[in-house]
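Peer 1: Quick one, structure for this:
(one chain, ligands or ions: 1)
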Amino acid sequence: MTKRIYDTDSHKTEFEALIKSCEKADNRYRIILDETAFFPEGGGQGCDKGRLNGIEVEDVQEEGLEVIHYTKSPVEEGQRVCGVIDWDNRLRCIQHHSGEHIISGLIHEKFGYDNIGFHLGDEVTMDFNGTFTREELDELEDEANRIIAENVKVNIKYPSPEELKNMQYRSKLDLEDNVRIVEFEGYDVCACCAPHVNYSGEIGLVKIIASESYKGGTRLYLLAGLDALNNYRSLQTNNDSTVALLSAKPDETAKAVKKLKDDYEAMRLEKDELFGELINYKLMNIKEGQRNIVFFEPLFNNISLRKLINKAMEKCEGIAAGFIGNEEKGYSYIMGSKQLDLKEKAAEINDRLKGKGGGNKTMIQGSVKASKEEIIAYFKSL
Ligand SMILES: [Zn+2]
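Peer 2: Take a look at the predicted model:
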């Protein structure tokens, strides 16, 4: 059985241990030590990162009573090894996991809901069998951060089965033997096998950044400690850019964006009206009974071009054809006709104008590679 240093000392980052075995397994080595500070993956939390004799530990897994360390290079069985834990990663884990205990404890006490899931990876999520309003979550955050500021002691206990029977504690599993209890003095008692902070103040800060419905309950997204600071920093950087772009006050960017959106919508409506006017002027210049009409409209988009063609085809006896684009990139087209069957004519048009496209009897659209001159000449010949 591997002795687990983190069970009683979550802040020990360097240790020495005896190498009990080192076996090759596929392209990695499985190393078992007599004791380790490496926390193996488990309970929704990823494993510790770090090194053994300078060799990177890629994974740490629990197998029965042993902790298995996986590395790319071997170490010598029977020798002693020097292990070093990546403290930044450990700190991130204990800040979030301890933060989760405080919040889950508060939720259990206030609402009677249980924590039914926990994941500590790149994202940290905790699931509860109940729902909350944002106001309730804000209150929970306030209270959790007050407990953090109180800097309460965290005790790790291994009560006897007798003591356990008389103990009130939160637990996901029905365990009886060798139960490890993590206690935030005066606030929460919970069965847990993971390393935790020694005092609640080490958590620094907790923030619930999002919540969503999950399996009839709620999933909360948690940030603690330095991750919460980094998140604040990134939101601030983003907000600073918005402040500069909109010349807005830092706490009024949403108001400024709303105004911008309203202005944009008003301009879009104005543009539609102006295009409507422009289309009317263009139609005024068309002589009644004209055979084919060709428009080159670089300022139009598909929607305005379709409006133009829809109206122009009423005034001509052949085809009303509109083109947007340019000589270099090619033109896209919309064509309409009251008299001709464009579905039938499409093959010839595409063939003569080096294009592709199709549609129905009265309207086709597509693109061509022909030059403006060639397009005009083609419609004159029709
Ligand atoms: Zn836990």
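Peer 1: show me where the stretch 151-300 of the chain has helices.
Peer 2: For the stretch 151-300 of the chain, the helices defined by DSSP state H, counting those that start in this stretch cover 161-165, 225-246, 253-284.
Peer 1: And the last one, what does it pack against?
Peer 2: Judged by 3 or more C-beta pairs under 8 Å, 6 or more residues apart in numbering; DSSP states H and E, helix 253-284 is in contact with helix 225-246, helix 302-312. (C-beta placed from N, C-alpha, C; glycine too.)
Peer 1: before we move on, back to that, tell me which of the helices of the stretch 151-300 of the chain sits nearest to H96.
Peer 2: H96 sits nearest to helix 225-246 of all the helices of the stretch 151-300 of the chain, at 7.2 Å, using C-beta to C-beta.
Peer 1: Buried residues, that closest one. List them.
Peer 2: Residues G225, D227, A228, V243 are the ones in helix 225-246 that count as buried (16 or more other C-beta atoms under 10 Å).
Peer 1: same check, this time on stretch 86-96
Peer 2: Going by neighbour count (16+ other C-beta under 10 Å), the buried part of stretch 86-96 is D86, R90, L91, R92, C93, I94, Q95, H96.
Peer 1: The last one: what's it in contact with?
Peer 2: Remark: with contacts taken as C-beta atoms under 8 Å, 6 or more residues apart in numbering, H96 is in contact with L120, V124, L222, L223, A224, G225, D227.
Peer 1: and of the helices of the stretch 151-300 of the chain, who's closest to D9?
Peer 2: Comparing these by C-beta to C-beta, helix 225-246 comes nearest, at 19.5 Å.
Peer 1: so where's the longest strand in the chain?
Peer 2: strand 14-25 (DSSP state E).
Peer 1: That one pairs with which strands, parallel or anti?
Peer 2: Strand 14-25 has the following sheet partners, assigned by DSSP bridges: strand 28-33 (antiparallel), strand 80-85 (antiparallel).
Peer 1: got CSV for these, with mean neighbour count, mean pLDDT and distance to K249 too?
Peer 2: Formatted as CSV, the strands paired with strand 14-25 follow (neighbours: other C-beta atoms under 10 Å; pLDDT from 0 to 100; distance: least, C-beta to C-beta, whole Å):
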stretch, mean neighbour count, mean pLDDT, distance to K249
strand 28-33, 22, 98, 55
strand 80-85, 18, 98, 45
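Peer 1: Out of the ones you listed, the one nearest L140 is which?
Peer 2: Here strand 80-85 is closest among those (C-beta to C-beta), at 31.2 Å.
Peer 1: hmm, who's touching that closest one?
Peer 2: Under C-beta under 8 Å, 6+ apart, the answer for strand 80-85 is 12-19, 31, 33, 36-38, 48-53, 75.
Peer 1: now do 7 Å
Peer 2: Strand 80-85 is contacted from outside by 13-19, 33, 36-38, 48, 50-53, 75, using C-beta atoms under 7 Å, 6 or more residues apart in numbering.
Peer 1: From those residues, keep the buried residues only.
Peer 2: Buried among the contacts of strand 80-85 by 16+ other C-beta under 10 Å: 13, 15, 17, 19, 33, 36-38, 48, 50, 52-53, 75.
Peer 1: any idea how far E317 is from Q168?
Peer 2: 91 Å (C-beta to C-beta, to the nearest Å).
Peer 1: cool, M363 as well?
Peer 2: Relative to E317, M363 is positioned 16 Å away (C-beta to C-beta).
Peer 1: from what I can see A191 touches V179, true?
Peer 2: Yes. Between A191 and V179 there is a contact under C-beta atoms under 7 Å: 5.3 Å.
Peer 1: so where is the stretch 151-300 of the chain shaky, pLDDT-wise?
Peer 2: Residue ranges of the stretch 151-300 of the chain with pLDDT under 70: 175-176.
Peer 1: ok so, going back, most surrounded residue in the contacts of H96?
Peer 2: Among the contacts of H96, the one with the most neighbours (other C-beta atoms under 10 Å) is A224, at 29 neighbours.
Peer 1: In contact with that one, which residues?
Peer 2: Q95, H96, G99, I203, G204, L205, V206.
Peer 1: tell me the secondary structure for the nearest residue to it once chain neighbours are set aside?
Peer 2: Nearest non-adjacent residue to A224, counting by C-beta to C-beta, 6 or more residues apart in numbering: G99, 3.8 Å away. Under DSSP: H, G, I helix; E, B strand; the rest coil, the three-state class of G99 is helix.
Peer 1: G99: how many residues sit nearby?
Peer 2: The number of residues packed near G99 is 30, by other C-beta under 10 Å.
Peer 1: Surely it is in contact with I203?
Peer 2: Yes. Contact status for G99 versus I203: in contact at 5.0 Å, counting by C-beta under 7 Å.
Peer 1: what about the spatially closest residue to G355 that is not a sequence neighbour, how many neighbours?
Peer 2: What sits nearest to G355 in space, not counting adjacent residues and going by C-beta to C-beta, 6+ apart, is V368, at 3.2 Å. For V368, the neighbour count with other C-beta under 10 Å is 22.
Peer 1: Next one: V368 from N89, what distance?
Peer 2: Distance from V368 to N89, counting by C-beta to C-beta: 60 Å.
Peer 1: Ok, I364 next?
Peer 2: Where N89 is concerned, I364 sits at a distance of 62 Å (C-beta to C-beta).
Peer 1: With L342 instead?
Peer 2: The spacing between L342 and N89, counted by C-beta to C-beta, is 66 Å.
Peer 1: rewinding a little: for beta bridges, what are the partners of the residue nearest to G355?
Peer 2: Y331, G355.
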